[in-house]
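Enquirer: Okay, predicted coordinates and the sequence, questions at the end:
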Amino acid sequence: LIEKLTIFEDAEQTVEYEIRETYANRKDKLITRIHKPADGMTTENFEPGRPRGLKKLIEVEGKRREFYFYASSRLDGLVSRIENLGVKISHTYDGSRDTLIFRSASYMQNPEAPGGENQIRKMTERYKRTPDIDAEQDVAKRTFDVANAVTKVRYHYGPDRVTASWRTYSKAGHTVVQVDPFSRPPTDAVMLEEFQRLQAAERECTNQMRESDRQAKEMLAKRADEETLIEEAMNEAAQDMGDKPAMPAHLSVSVYDTARSKLAAQPEQTDESEGSKVPHDYLTPFLPATHTHMSKDDQPLTREEALATRDTCLKSLKDRLVERANIVQSRLDEENAALSKRQATFQRNRDHMEASDEAEYERYCQEAMFRIQILEQRLDRHTELSLHKYAEMDARLRNDPRLAALAASSN
């Protein structure tokens, strides 16, 4: 805790309106907490690096919970999860992984359910437009009316259209509405096949919502455990006040403090030792043997020698860049192969696995996908920088006075 500000409703400072706390160097990545006692609302903000990419947590006691995430840190691209407790849960996605951008589930009370758990009444999914697909076939919204066993599919608006096509599916029958009069209506076999796919999609949507509920409960339980451990650590630290108190377990050392500590531990270098170092020249290893120590008074390189020096230098740079790209690509291939093997093993043994094994598998997939994402980003960045470095080295060689023969030959 580095700062705490309390705002009162009255001048006598007897009724607290808002309490703001600012933190630094916490292992749980918490940076700010804002609590409004009158509303029972608590807002917590986190730095990047928390499990499941949690960015902000807003909780109104007994009424509402809002989770906001760093979408780039998650496999599903989840941006937010908003819960109206016992009524509705909404998910928003960034659409970078697939076309899904929104998913929600509405609930109704079911007294006969075990533990008084609410039952899903309706689920909704929204998708962004895919330009490569005809609007008549590009799904914009799917609504699963679980209570009435009806599924409705609405498609995107076509060019210059103010209405969109839609279909309804149920065991009692199907309805098709097409705004394009020239579109061929689907056959009964196509409708039956689509209905079966939608039934599978409804089950998948239900599983996804239940899995999201489990993850949300896990995050809340983890936050409660973290605060409990921090409170215990603070109590122990208050009782043990020695000459050199130990670093509390819930704090992490700043990267700047680590760098300063390493710098202070290094022995000081004298001016003589610094002056005795030979300056590095990027072109020396590629110059002809008779020109390794060229000065201003030396005879410049001939055109053939300058071309050979430039080609050798560029080839060496290219080989280093390709070697580094191959290393990253090989690591990426290894991670993908290991993940595919683990997924295949999981699919074979899924029916015989315990809950702990499934949790371990999920944790492994999260970590593996995170490593794969980092490697893909590193490979893309290396490819981009390689082109820049190659062009930069080529321009540097053309402007080097020792290779003046290249400029003269081009003129």
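Expert: Good, I have the coordinates.
Enquirer: in the stretch 1-150 of the chain, which spans are strands?
Expert: With DSSP state E, counting those that start in this stretch, the ranges of strands along the stretch 1-150 of the chain come out as 3-8, 16-22, 30-36, 41-46, 54-60, 64-69, 78-84, 88-93, 100-108, 119-127, 139-145, 150-155.
Enquirer: ends of stretch 155-162, how far apart?
Expert: Its first and final residues considered, stretch 155-162 spans 12 Å by Cα to Cα, to the nearest Å.
Enquirer: can you tell which of the strands of the stretch 1-150 of the chain is closest to residue 374?
Expert: When the strands of the stretch 1-150 of the chain are ranked by distance to residue 374, counting by Cβ to Cβ, first place goes to strand 64-69 at 17.6 Å. Just so you know, the C-beta spots here come from the backbone N, C-alpha and C atoms, and that holds for glycine as well.
Enquirer: CA atoms of that closest one as CSV?
Expert: C-alpha atoms of strand 64-69 as CSV (Å, rounded to 0.1, in the frame of the first residue of the first chain):
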residue,chain,number,x,y,z
ARG,A,64,-23.8,-7.7,-9.7
ARG,A,65,-20.3,-8.7,-10.7
GLU,A,66,-18.3,-7.5,-13.6
PHE,A,67,-15.1,-9.1,-14.9
TYR,A,68,-12.9,-7.3,-17.5
PHE,A,69,-9.9,-9.0,-19.1
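Enquirer: tell me what it is packed against?
Expert: In this structure, strand 64-69 makes packing contacts with strand 54-60, strand 78-84, helix 188-239, judged by 3 or more Cβ pairs under 8 Å, 6 or more residues apart in numbering; DSSP states H and E.
Enquirer: Residue 103: neighbour count?
Expert: Look at residue 103: counted by other Cβ atoms under 10 Å, it has 22 neighbours.
Enquirer: wait, it sits on residue 91?
Expert: Yes - using Cβ atoms under 8 Å, residue 103 is in contact with residue 91, at 4.5 Å.
Enquirer: Skipping adjacent residues, who's closest to the residue most central in space within the chain in space?
Expert: The residue at the geometric middle of the chain, judged as the C-alpha nearest the mean C-alpha position with Cα atoms, centre = their mean, is residue 73 (1.7 Å). Spatial nearest neighbour of residue 73, excluding adjacent residues (Cβ to Cβ, 6 or more residues apart in numbering): residue 53 at 3.3 Å.
Enquirer: and that neighbour, what does it touch?
Expert: Contacts here follow Cβ atoms under 8 Å, 6 or more residues apart in numbering; on that basis residue 53 touches 69-74, 78.
Enquirer: if we go to 7 Å?
Expert: Residue 53 is in contact with 69-70, 73-74, counting by Cβ atoms under 7 Å, 6 or more residues apart in numbering.
Enquirer: Now tabulate the helices and strands packed on strand 64-69 in a markdown table and tack on mean pLDDT and distance to residue 108.
Expert: Converted to a markdown table, the helices and strands packed on strand 64-69 look like this (pLDDT from 0 to 100; distance: least, Cβ to Cβ, whole Å):
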| stretch | mean pLDDT | distance to residue 108 |
| --- | --- | --- |
| strand 54-60 | 95 | 22 |
| strand 78-84 | 94 | 13 |
| helix 188-239 | 89 | 14 |
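Enquirer: what about the residue nearest to the centre of the chain, distance to residue 46?
Expert: As defined by Cβ to Cβ, to the nearest Å, residue 73 lies at a distance of 11 Å from residue 46.
Enquirer: and the end-to-end length of stretch 130-142?
Expert: Distance between the boundary residues of stretch 130-142 (Cα to Cα) amounts to 16 Å.
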